[in-house]
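>>> Give me coordinates for this.
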Amino acid sequence: MIDIQKIYTFFSHLSKREKLVFYVALAAISLTMIDRLIVNPVVSKVNSLNQEISEEKTRIKRDLHILAQKERIIEDSKKYSRYSVKELSAEEITTSILKEVGNLANNTSVYLIDIKPTGIKEEPVFRKYYVNLSCEAQMEQIANFIYGIENSDNLLSVEKYSITQKSEDSSIARCNLIISRTAIP
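Alright, predicted model coming up:
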């Protein structure tokens with residue numbers, strides 16, 4: 001146990017200068033303890049809260065930017081929703097491709113010799129369905145047919161083509177095409 005009488009006796013024997021040094025040391029120790037026990041934790045907590053506030057402000061600004069574009073995003077999703085495929089089977093999609101290519105051939109007076117599906121290529125965001133076809137027609141009709149495929153609303157695309165003359169003296173051309181359809185599931 002602390003004996004107060006001994007402490008008092010110790011202080012009474014100190015000179016004025018020693019007392020001053022003692023009080024300055026006691027004040028420095030007290031200030032250091034107050035800094036370590038009270039001020040430092042409070043300042044670090046305030047700094048961490050300020051950092052969280054700053055991060056939250058950044059998130060809110062980003063969210064407000066997205067929210068400001070809400071109408072445009074909704075319009076774009078409506079615009080591109082017609083390109084998405086509603087859980088149709090591969091056969092149904094292939095059938096729709098064959099039907100559309102047949103309609104385009106009829107509209108452009110192109111004679112289809114051979115048409116067959118050749119497979120599906122899986123991508124992370126979409127699928128591509130491929131069809132090979134051979135056809136015959138005048139060069140202008142083939143050009144219109146390819147133009148119709150490229151401008152289809154169903155994302156049809158001519159991946160590869162070759163056009164040759166049917167015979168030396170003929171005005172009819174023979175065309176082999178690889179057509180793809182991009183489907184967004």
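>>> Alpha carbons of the helix or strand bottoming out on mean pLDDT in the chain, as PDB, please.
Least confident helix or strand, the chain: helix 70-81 with a mean of 79, by mean pLDDT, DSSP states H and E. Coordinates of each C-alpha in helix 70-81 appear next as PDB, following Å, rounded to 0.1, in the frame of the first residue of the first chain:
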ATOM      1  CA  LYS A  70     -32.300   5.100 -65.900                       C
ATOM      2  CA  GLU A  71     -34.500   6.200 -68.700                       C
ATOM      3  CA  ARG A  72     -31.800   5.600 -71.300                       C
ATOM      4  CA  ILE A  73     -31.000   2.200 -69.800                       C
ATOM      5  CA  ILE A  74     -34.700   1.200 -69.900                       C
ATOM      6  CA  GLU A  75     -35.000   2.400 -73.600                       C
ATOM      7  CA  ASP A  76     -31.900   0.500 -74.500                       C
ATOM      8  CA  SER A  77     -33.100  -2.700 -72.800                       C
ATOM      9  CA  LYS A  78     -36.400  -2.400 -74.600                       C
ATOM     10  CA  LYS A  79     -34.600  -1.800 -77.900                       C
ATOM     11  CA  TYR A  80     -32.300  -4.900 -77.500                       C
ATOM     12  CA  SER A  81     -34.900  -7.100 -75.800                       C
END
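>>> For that helix, buried residues please.
Residues of helix 70-81 include none that count as buried (16 or more other CB atoms under 10 Å). In short, each C-beta sits where N, CA and C put it, glycine included.
>>> Can you give me the pLDDT of the residue nearest the centre of the chain?
With distances taken as CA atoms, centre = their mean, residue 125 lies nearest the centre of the chain, 10.4 Å away. With respect to pLDDT, residue 125 scores 76.
>>> From residue 150, how far out is it?
As for residue 125, its distance to residue 150 is 21 Å (criterion: CB to CB, to the nearest Å).
>>> And for residue 67?
37 Å.
>>> Quick one: residues contacting residue 10.
By CB atoms under 8 Å, 6 or more residues apart in numbering, no residues touch residue 10.
>>> Quick check, pLDDT for it.
Predicted confidence (pLDDT) for residue 10: 81.
>>> Same check on residue 82?
64.
>>> show me where pLDDT drops low in this structure?
Low-confidence segments of the chain (pLDDT under 70): 1, 81-87, 185.
>>> Three-state assignment for the residue nearest to the centre of the chain, please.
With DSSP: H, G, I helix; E, B strand; the rest coil as the basis, the three-state label of residue 125 is coil.
>>> Correct me if wrong: it contacts residue 183.
No: assessed by CB atoms under 8 Å, residue 125 is found out of contact with residue 183, at 10.6 Å.
>>> Relative to the strand or helix carrying residue 135, what are the paired strands and their orientations?
In the assignment (DSSP states H and E), residue 135 maps to strand 127-138. Strand 127-138 has the following sheet partners, assigned by DSSP bridges: strand 111-122 (antiparallel), strand 172-183 (antiparallel).
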